[in-house]
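Enquirer: Show me how the following folds:
(2 chains)
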Amino acid sequence: MQSSVRKGKFDWITIFLFIAIVIIGWINIYSASLTDSADVFFNFDFPHSKQLVFIGLSVILIFFILGVDSKFYERFSSLIYLLAIASLVGLFVFGSTIAGQTAWYVFGSVSIQPSEFVKAATALAMAKYLSDIQTNIKDFKDQLKAFVIIGIPIVLILLQPDPGSALVYFAFIFPMYREGLHFIYLLLGFFAAFLFVITLAFDPPLVIFGVLLIALILFLKNKKKKPNLLKYFVICAACIGFSLSVDFVFDNVFKQHHRDRFNIVLGKEVDIKGVGYNTNQSEIAIGSGGWTGKGWTEGTQTKGNFVPEQHTDYIFSTVGEEWGFVGSFLVVLLFVLLILRILHLAEKQKSTFNRVYGYSVASILFVHFFVNISMVIGLFPTVGIPLPFLSYGGSGLWAFTVLIFIFLRLDSQKHIHG
Amino acid sequence: MRTLLIYALVILTGLVFTARLLYLQVFDNSLKLRSELNAVNKVYDIPQRGFIFDRNGELMVSNQPSYDVMVIPNNVKNLDTLAISNLLNISKEDLKNSLQRARVYSPRLPSVILPQLTKEEYAHIQESMYRFPGFYIQKRALRDYQVDHSANILGFIAEVNQRDIEQNPYYQMGDLIGKTGVEAQYEDVLKGQKGVMYIQKDRFNRDIGPYKEGIYDTLPIQGKDIKLTIDTALQAYGTELMKNKRGGIVAIEPKTGEILALITAPGYDPALLIGRERSKNYTQLYYDSIAKPLYDRGLLAEYPPGSTFKMITGLVALQEDVTDTNESVYCNKGLSYGRGAFMGCHVHSNPVDLHAAVYHSCNAYFGTVYRKIIDKYNSPQEGMDVWEKHLKSFGLGGFLGNDLPIGRPGKVPTSDYYNKIYNYPTYKWYSPATISNSIGQGEIITTPIQLANMTAAIANRGYYITPHILKDIEGDTTKDTLYTRKNFTTIDSAHFDPIIEGMFDVYNKGTAKALQVPGIEICGKTGTAENFTRIDGKRVQLTDHSIFVAFAPKDNPQIAIAVFVENGYWGGRYAGRIAGLMIEKYLHGEITRKDMEDWILSNSLEDEYAKPLSGEPFRINQ
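Expert: Sure thing, here's the model as predicted:
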């Protein structure tokens, strides 16, 4: 085989989109992390300077990933998955607790959050499993095994506890659906995720009331068709049961500091000035941007530190304030294009492994994009998950880089390895 | 189909986000304004509080500049705590606590760190202030008192507390608010309106000029000056007379209801409650539970009116037609009423008609007519209800509704009250049971201002105007109709003349004969009220209170006055003298009865007040 073919052809459109988003991210982190005392270009005390280092390291990471033969990822996917799970388990022994979350390995001044990388590992494992000739995703047993692959990291991450990160794993419903999973699972998955968030963000009685109300409306609407009462009853009971069990686990299984963490992630505790302070301030920040924004580093909301967690989960509010509609629309557009591009590439893959992996990557990006921006623009309850490449943080940046570039490596060699 | 679903979802999400962003950023302007306000500093311009003048335009209260050191916690940077605590001359702990409190109140709003600097401190501190970002000096106006009396009327201002701020968002930490007296009552008039300047900040929190060229800025509106009905000369004189005594003086202009003087003794110098010593002084006044300088006896002290009340009994008797001016009663050093009960009286000529009964202050006469009033009706309850109605028409037994923030209702007994204490209908009660009311000693209690108002109603021959303290606001003399309306008593005006003649002869032939003031026809009435205290749980009688009510001149009265001197013994002794001096001072401006003035100024009741506290046995009414 010729070495040029072995190297393969990389999808420069994806790489371009990736670079664009990373640069936009850094520009906004710079602005959000500036204090009003001085302009500091490089000082390791500031997030923007650290992020610059993280970006530099991710470039090295990219060369490393692209240097490995794509077959490696398929062949060792099970091992990678097991190592990833081990890293999650290891947290309970060696991990450090930061802000109530046992989610970090700390090496000196560097801390790594393994759950970010587990997404990629799980995507590999899922791809491997679904591409196995013996696997038939329409078969219930195989479905169950697939759910176990997702379920293990979910449970381990919930125990940290980090419900936001756990929520992301619902993304795997999409590749499974693509490979033949019944539509009903997709609905159930959506619905379960929805109930999960709603139960934690509000209270079970409210959720139960909502479920019953919807059931009643549907029932009355379909009255003429003589609906099966038992069906309604079972579905209602299942919803309520799920909601109550989430609540039960939350109240009885977790300890107070876990609950606090959940509440912080869900915005219940950070909400220092009453319901919806964060979202309110971030809406104000975005809304004040107008068509073209206030200009880079000129955002008064951003400068006044009115929006909590602004350089991490709420970074999009800085985009909105300083770059206006033009800037925020550009970011939305770049994300949509990136996700669509990856989906498009995934569909062109010859091997199921590549396709499932590509789908997983797109879905994970989509869930992050959807949940984060919905939260920042006030369409969704506060769930603390980062916006890929824009939010400050090394682990997140590297994990998404790994996620995307493994796919690009797979894609580049699709003609060689099928 | 399967492949399309996620494409569709991604695109749909993109569209929804775009729509939402368009709405937030382009169509919803309210968010823009709120963000601007977030980044705009409000600077307040605090207006001068209105001045307070007396009825003759004499300045009583003005303002003096004062400087507060303020802090906005969020703006504090690289604070050198040692340097600033040295500069402000406070301990590091105090500074830390103040900063902590300021931060708890609000990190963005100014709080006071050190209030009310003197001019010298201000000059010194101002120079170095620039070294401490977040700190600045705010100029305020403090009260500057031109008089050393009338603290009870003027009241005081103090920094708003958390509750004031919650009740009215106009106020902010460090603002001053009227807490008592006229300052509290007319707070809205006196305070004016703060001006607000909106200052745009850049991202370094530096001022970059007025926000939107100042279209939202407002200028401060100065507080309005007010004129009180008080005569500050009379007030000062009364305060002087009441030195070393406890009690109250209330003087009213009968035709207008304007309060000419409202004196409580002991009082205090209003200047004690400004400046940084305020808190210490206030605590001292507050905890003086013996002399109670913060307690306005003129408005709050409830005493039995004693014999000063007899005019009312006479008036009601005439109105109820149970007697006339000719009918006489024989007083045998008192009056026997039912089953061996006896109400004593002093020796005087006999028999007495109404006129003589007033100037002799004959208990027997008023006891007799009182019984006739009550017994005129089918039941004592009915009689008592009529009695109560007449009394209340004089403003007794209820709040007067004046424009002073404090007051007491006193008490006029009702038939229900007696039914309750005598356990009616199991036990019955008749007029003798309540006969003490006739001479102001029973269940009736009044405040000095009520007594003065009652006297004004007699002087007006049948009506009073609700007493009030505000004369005009910045030249605008329109008063609330509440303070111009005549409140008519239930007594026909014709009945007043015989009573007034009696009061006139109190000075000519009666209990105040020695107190005449040359050239002024005064009508007055002495009163003496028994009073008791508890020492070690035992009820102990103290020296009687000395009471006097008067108005002058007899025709076209200019002043009605009630004087109350605690433990001053009989009415003519202290209260009568003081009333005469006050009347002369008000009507003539100078004193001819120097003997009376000397006596009052040189006599002190401090020994009398010390008796029950001494722990020794003591004698009263010496």
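Enquirer: quick one: buried residues of the helix with the most length in chain A?
Expert: Taking DSSP state H as the assignment, the helix of chain A that covers the most residues is helix A:315-348. Neighbour-count burial for helix A:315-348 flags A:315-325, A:327-329, A:331-332, A:334-346 (criterion: 16 or more other C-beta atoms under 10 Å in any protein chain shown). All C-beta atoms are positioned from the backbone trio N, CA, C, and that covers glycine.
Enquirer: Please list which of these are also close to chain B.
Expert: When contact is defined as C-beta under 8 Å from any C-beta of the partner chain, these meet chain B at A:Gly320, A:Glu321, A:Gly324, A:Phe325, A:Ser328, A:Phe329, A:Val332, A:Phe335, A:Val336, A:Ile339, A:Leu340, A:Leu343.
Enquirer: Surely A:Thr352 and A:Glu179 touch.
Expert: Yes - in this structure A:Thr352 lies within contact range of A:Glu179 using C-beta atoms under 8 Å: 7.2 Å.
Enquirer: So if I had to pick from those two, which one is more boxed in?
Expert: Neighbour comparison, A:Thr352 and A:Glu179: the larger count goes to A:Glu179, with 21 against 17 (by other C-beta atoms under 10 Å in any protein chain shown).
Enquirer: thinking that one is in contact with A:Val356, fair?
Expert: Yes - between A:Glu179 and A:Val356 there is a contact at 6.3 Å, judged by C-beta under 8 Å.
Enquirer: residue ranges of the strands in chain A, please?
Expert: A:96-98, A:101-107, A:110-112 (DSSP state E).
Enquirer: partners of the second one in the sheet?
Expert: Taking DSSP bridges as the criterion, strand A:101-107 pairs within the sheet with strand A:96-98 (antiparallel), strand A:110-112 (antiparallel).
Enquirer: Tell me which of these is the most buried.
Expert: Mean neighbours per residue, mean count of other C-beta atoms under 10 Å in any protein chain shown, is largest over the strands paired with strand A:101-107 for strand A:110-112, with a mean of 15.
Enquirer: hmm, back to that, adding mean pLDDT, write the strands of chain A out as CSV.
Expert: Below are the strands of chain A laid out as CSV (pLDDT from 0 to 100):
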stretch, mean pLDDT
strand A:96-98, 79
strand A:101-107, 82
strand A:110-112, 81
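Enquirer: Contact partners for B:Ser150?
Expert: Residues in contact with B:Ser150 (C-beta atoms under 8 Å, 6 or more residues apart in numbering or on different chains) are B:Met60, B:Ile230, B:Thr232, B:Gln235, B:Thr239, B:Leu262, B:Gly267, B:Pro270.
Enquirer: Spell out whether the longest helix belonging to chain B and chain A are in contact.
Expert: Longest helix in chain B by number of residues, with DSSP H as the criterion: helix B:2-22. Yes - judged by C-beta under 8 Å from any C-beta, helix B:2-22 comes into contact with chain A at B:2-3, B:5-7, B:9-11, B:13-14, B:16-18, B:20-22.
Enquirer: who does that helix touch, helix- and strand-wise?
Expert: Counting contacts by 3 or more C-beta pairs under 8 Å, 6 or more residues apart in numbering or on different chains; DSSP states H and E, helix B:2-22 is packed against helix A:173-178, helix A:315-348, helix A:352-376.
Enquirer: Could you tell me the angle between the last one and helix B:2-22?
Expert: Angular relation of helix A:352-376 and helix B:2-22 on a 0 to 180 degree scale: 20 degrees, by axes from the mean of the first three to the mean of the last three C-alpha atoms, to 10 degrees.
Enquirer: Helix A:352-376 to helix A:315-348, inter-axis angle?
Expert: Orientation of helix A:352-376 against helix A:315-348 (the same axes, to 10 degrees) gives an angle of 160 degrees.
Enquirer: I figured B:Asn350 was touching B:Tyr330, is that so?
Expert: Yes - using C-beta under 8 Å, B:Asn350 is in contact with B:Tyr330, at 5.7 Å.
Enquirer: higher neighbour count, the two?
Expert: Just comparing B:Asn350 and B:Tyr330: by other C-beta under 10 Å the higher neighbour count belongs to B:Asn350, 15 against 11.
Enquirer: quick one: contacts for that one?
Expert: Counted by C-beta under 8 Å, 6+ apart, B:Asn350 has contacts B:Tyr330, B:Cys331.
Enquirer: Figure out the helix or strand that it lives in.
Expert: Under DSSP states H and E, no helix or strand contains B:Asn350.
Enquirer: So what's the gap between stretch B:229-243 and the chain middle?
Expert: Relative to its chain's centre, stretch B:229-243 lies at 16 Å (C-alpha atoms, centre = their mean, to the nearest Å).
Enquirer: Show me which positions of it end up buried.
Expert: Buried, per 16+ other C-beta under 10 Å, within stretch B:229-243: B:Thr229, B:Ile230, B:Asp231, B:Thr232, B:Leu234, B:Gln235, B:Ala236, B:Tyr237, B:Gly238, B:Thr239, B:Leu241, B:Met242.
Enquirer: send the alpha carbons of that stretch over as PDB?
Expert: Output of stretch B:229-243 as PDB, limited to C-alpha atoms (Å, rounded to 0.1, in the frame of the first residue of the first chain):
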ATOM      1  CA  THR B 229     -47.900  77.200  65.500                       C
ATOM      2  CA  ILE B 230     -45.400  77.200  68.400                       C
ATOM      3  CA  ASP B 231     -44.300  80.500  69.900                       C
ATOM      4  CA  THR B 232     -40.700  79.800  70.500                       C
ATOM      5  CA  ALA B 233     -40.400  82.600  73.100                       C
ATOM      6  CA  LEU B 234     -43.300  81.200  75.100                       C
ATOM      7  CA  GLN B 235     -41.900  77.700  74.700                       C
ATOM      8  CA  ALA B 236     -38.500  78.800  76.000                       C
ATOM      9  CA  TYR B 237     -40.100  80.600  78.900                       C
ATOM     10  CA  GLY B 238     -42.200  77.600  79.800                       C
ATOM     11  CA  THR B 239     -39.200  75.300  79.600                       C
ATOM     12  CA  GLU B 240     -37.400  77.700  82.000                       C
ATOM     13  CA  LEU B 241     -40.300  77.700  84.500                       C
ATOM     14  CA  MET B 242     -40.500  73.900  84.500                       C
ATOM     15  CA  LYS B 243     -36.800  73.500  85.400                       C
END
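Enquirer: what about the nearest residue to B:His545 once chain neighbours are set aside, which SS state?
Expert: The spatial neighbour of B:His545 that comes closest, neighbours along the chain excluded (C-beta to C-beta, 6 or more residues apart in numbering or on different chains), is B:Ala529 at 4.3 Å. Secondary structure assignment for B:Ala529 (DSSP: H, G, I helix; E, B strand; the rest coil): strand.
Enquirer: so B:Ala529 makes contact with B:Gly306?
Expert: Yes - using C-beta under 8 Å, B:Ala529 is in contact with B:Gly306, at 4.1 Å.
Enquirer: With neighbour numbers in mind, choose between those two.
Expert: Neighbours were counted for B:Ala529 and for B:Gly306 using other C-beta under 10 Å; B:Gly306 has more, 30 against 22.
Enquirer: contacting residues around the more buried one?
Expert: Contact analysis of B:Gly306 by C-beta under 8 Å, 6+ apart lists B:Ile439, B:Gly440, B:Gln441, B:Gly527, B:Thr528, B:Ala529, B:His545, B:Ile547, B:Gly571.
Enquirer: Quick one: buried ones out of those?
Expert: Applying 16+ other C-beta under 10 Å to the contacts of B:Gly306 flags B:Ile439, B:Gly440, B:Gln441, B:Gly527, B:Thr528, B:Ala529, B:His545, B:Ile547, B:Gly571 as buried.
Enquirer: Let me see the ranges of the strands in the stretch 501-622 of chain B.
Expert: Using DSSP state E, counting those that start in this stretch, the strands of the stretch 501-622 of chain B run over residues B:523-535, B:538-552, B:559-565.
Enquirer: For the shortest one, name the packing helices and strands.
Expert: In this case it means strand B:559-565. So strand B:559-565, by 3+ C-beta pairs under 8 Å, 6+ apart, packs with strand B:247-253, helix B:448-459, strand B:538-552, helix B:577-588.
Enquirer: Parallel or antiparallel, which strands does that strand pair with?
Expert: Strand B:559-565 sits in its sheet next to strand B:247-253 (antiparallel), strand B:538-552 (antiparallel), going by DSSP bridges.
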